[in-house]
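Student: Got a sequence here, can you build the structure:
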Amino acid sequence: MKQQSSLMAVLTISFLVVGNLIGVGILALPINTGLAGLIPALGGMIVLGGAMFFTALVLAREAVESRKENFNLPSLYQQYLGSAGKWVAIFANMLILYGLLVAYLTGGASILANLFHIPTEYNWLLTLIFFFIITWVALMNVGLILKYNSLIMICLLVFFILMVTMGESHVKIEHYAFSDWGFLPATAPIIVTAFHFHNIIPTICTSLKWNFSLVWKTIFMGMLIGYAMNALWIQTALGVLPLDDSATSLLTSFHKNLPATVPMSQIIATPLFMIAALVFSLLAIMTSYLANSMGLMGFIQDMTENHLHIQSRKAVIGLTFIPPLAIALIWPEVFLQALNIVGGVGIVILFGILPCIIFLKKNAAGRKKILGVLMLLLFLGCLVCEIGQEAGLMQIKPEIEQWAPQVQHMKLN
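Tutor: Reported below is the predicted structural model:
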């Protein structure tokens, strides 16, 4: 009976991990990773997904050893790395939360504009409307959303299955011949973002009563399901989206910073797919926006009250929501770029590099040290690559144009 209860707990909480993995990252994965090709994309996901699993276990071990329900990362990093570690964690967390809110706003507005053919000159108005609705939900109906979180997750899974099923009938096998391993490093930030759930690790450990055996099994199960869903979605999207210079191609969608559901809806031009894509996209964005905006509000409140000694809910709300809205209005086509910065800088530092340093401090010799060094070098490589690209010092461009004629020739034959 106890074994059955443990198994049920692992399965139940693993879906909490899956719920965090089904978010805005899954909308961006096919466009970015697709430009590297199916096999490189799946291989990159195994390597970076495995690295994120490694750092998740490092943080989970720390949470289990502390047995604190108020376990938080800045305090953890201060314990091992001093004040510098604490402030690096704080700034990385701010970058993640603000960057994700920008991605949600620009991605949501882009989906609505493209699916309903709204002219680009009205993007600012659409962004404002979308912002006020989704922010009102975040501020006024948190309890209601959380109460029906399981129902929302079921809806997400149903519409995901519907999109994949309908998409498979439009798959072109010749699209899978494309491969550009040289572009794979540029996809790392999106892959890391898609496997980011580490902020709920304390909740997982508390729910499983700090039983590390159950914790790692739960994390592994959730990430395995998440990998399977991401892999299936990439396989479907890459098979559907063309490799030419059309308005619905992978390359065009990449340059326009579009979520994958937008060009797919134009190719699979059926009302049912459009509804499924719209509902799935907006639900994924809404649940992620809610969770991260609440996290950012709590973070801002802690900073203003405990460090700036300002007691004002209006100030907290303003500091939480006005900066991402301003960025979304000024740069409305920044969806993929925002996720690249979030994943390649914020997540890589907070949930990649810093946990690896903790692991190395506790395992200074032997095979574990080698593993820790390899993981640290991998995340450092991701960080250097992203900073280099954003600063214009490094340019990794997709070579999809040279493959398009070959794919067209395969179609004719």
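Student: hang on, Leu112 packs against Phe131?
Tutor: No: shown here, Leu112 and Phe131 do not form a contact pair, counting by CB atoms under 8 Å, at 11.8 Å. Using the backbone N, CA and C atoms, a C-beta is placed for each residue, glycine as well.
Student: If you count neighbours, what's buried in the host helix or strand of Leu214?
Tutor: Element membership of Leu214, judged by DSSP states H and E, is helix 212-240. Buried residues in helix 212-240, counted by 16 or more other CB atoms under 10 Å: 214-223, 225-227, 229-231, 233-240.
Student: So which helix or strand of this structure has the lowest pLDDT on average?
Tutor: Within the chain, no helix or strand scores below helix 400-412, which has a mean of 52 by mean pLDDT, DSSP states H and E.
Student: The closest residue to Leu238 other than its chain neighbours: how many residues sit nearby?
Tutor: Spatial nearest neighbour of Leu238, chain neighbours left out: Gly34 (4.8 Å); criterion: CB to CB, 6 or more residues apart in numbering. Gly34: 30 surrounding residues under other CB atoms under 10 Å.
Student: Burial check on Lys86, number of neighbours?
Tutor: Neighbours of Lys86 using other CB under 10 Å come to 18.
Student: contacting residues around it?
Tutor: Listed by CB atoms under 8 Å, 6 or more residues apart in numbering, the contact set of Lys86 reads Pro74, Ser75, Tyr77, Gln78.
Student: Among those, pick out the one closest to Gly372, please.
Tutor: Gly372 lies nearest to Tyr77 out of the contacts of Lys86, by CB to CB, at 16.0 Å.
Student: So among the contacts of Lys86, which ones count as buried?
Tutor: Pro74, Tyr77, Gln78.
Student: Let's have these in CSV, adding secondary structure, pLDDT and distance to Ile96.
Tutor: Below are the buried ones among the contacts of Lys86 laid out as CSV (DSSP: H, G, I helix; E, B strand; the rest coil; pLDDT from 0 to 100; distance: CB to CB, whole Å):
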residue, secondary structure, pLDDT, distance to Ile96
Pro74, helix, 83, 13
Tyr77, helix, 91, 14
Gln78, helix, 89, 18
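Student: Pick the one among those residues closest to Ser288.
Tutor: Nearest member of the buried ones among the contacts of Lys86 to Ser288, counting by CB to CB, is Pro74, at 22.2 Å.
Student: where's the closest one relative to Asn306, distance?
Tutor: Between Pro74 and Asn306 the distance is 12 Å, computed by CB to CB, to the nearest Å.
Student: sorry, back to before: which two in the contacts of Lys86 are spaced the farthest apart?
Tutor: Farthest pair in those, by CB to CB: Ser75 and Tyr77, 7.5 Å.
Student: all helices for the stretch 151-300 of the chain, in order.
Tutor: Secondary structure of the stretch 151-300 of the chain (DSSP state H, counting those that start in this stretch): helices located at 184-194, 201-207, 212-240, 250-255, 261-267, 271-306.
Student: Can you say which of those is nearest to Val18?
Tutor: helix 212-240 (5.0 Å).
Student: For the closest one, name the packing helices and strands.
Tutor: For helix 212-240, the packing partners by 3 or more CB pairs under 8 Å, 6 or more residues apart in numbering; DSSP states H and E come out as helix 2-21, helix 24-34, helix 38-66, helix 149-168, helix 201-207, helix 261-267.
Student: Could you check the angle the first one makes with helix 38-66?
Tutor: Our comparison of helix 2-21 with helix 38-66, counting by axes from the mean of the first three to the mean of the last three CA atoms, to 10 degrees, yields an angle of 120 degrees.
Student: For helix 2-21, give me every contacting residue.
Tutor: Here helix 2-21 makes contact (CB under 8 Å, 6+ apart) with 149, 153, 156, 194-197, 199-200, 203-204, 207-208, 214, 217-219, 221-223, 225-226, 229-230, 287, 291.
Student: from what I can see Thr248 touches Ile267, true?
Tutor: Yes: using CB under 8 Å, Thr248 is in contact with Ile267, at 5.4 Å.
Student: any common contacting residues for the two?
Tutor: Leu241, Pro242.
Student: Any idea how many residues pack against the spatially closest residue to Pro259 that is not a sequence neighbour?
Tutor: With sequence-adjacent residues excluded and distances taken as CB to CB, 6+ apart, Pro259 is closest to Leu27, at 3.9 Å. For Leu27, the neighbour count with other CB under 10 Å is 31.
Student: Who are the contact partners of Leu27?
Tutor: Leu27 is in contact with Gly107, Pro259, Ala260, Thr261, Ser281, Ala284, Ile285, counting by CB under 8 Å, 6+ apart.
Student: Now His196: closest residue in space, sequence neighbours ignored.
Tutor: Nearest to His196 is Ile347, by CB to CB, 6+ apart, at 5.1 Å.
Student: these two touch, right, that neighbour and Thr193?
Tutor: Yes: applying CB under 8 Å as the test, Ile347 and Thr193 come out as touching, 6.1 Å apart.
Student: Which one's more surrounded, the two?
Tutor: Neighbour totals were compared for Ile347 and Thr193, and Thr193 leads with 31 against 28 (other CB under 10 Å).
Student: State the distance from that one to Met94.
Tutor: Using CB to CB, one gets 16 Å for the distance from Thr193 to Met94.
Student: and what of Thr261?
Tutor: 29 Å.
Student: and the gap between Pro229 and Met163?
Tutor: You called it Pro, but residue 229 is Met. The gap separating Met229 from Met163 is 11 Å, by CB to CB.
Student: err, Leu214, not the other one
Tutor: Leu214 is 33 Å from Met163, by CB to CB.
Student: Who are the contact partners of the nearest residue to Phe71 once chain neighbours are set aside?
Tutor: Excluding its sequence neighbours, the residue lying closest to Phe71 (CB to CB, 6+ apart) is Pro202, at 4.4 Å. Residues near Pro202 by CB under 8 Å, 6+ apart: Ala63, Glu69, Phe71, Asn72.
Student: Name the member of the residues you listed with the most neighbours.
Tutor: Ala63 leads the contacts of Pro202 on contacts (other CB under 10 Å) with 24 neighbours.
Student: unless I'm mixing things up, Ile152 is touching Ile285, no?
Tutor: No: contact between Ile152 and Ile285 fails when scored by CB under 8 Å: they sit 11.9 Å apart.
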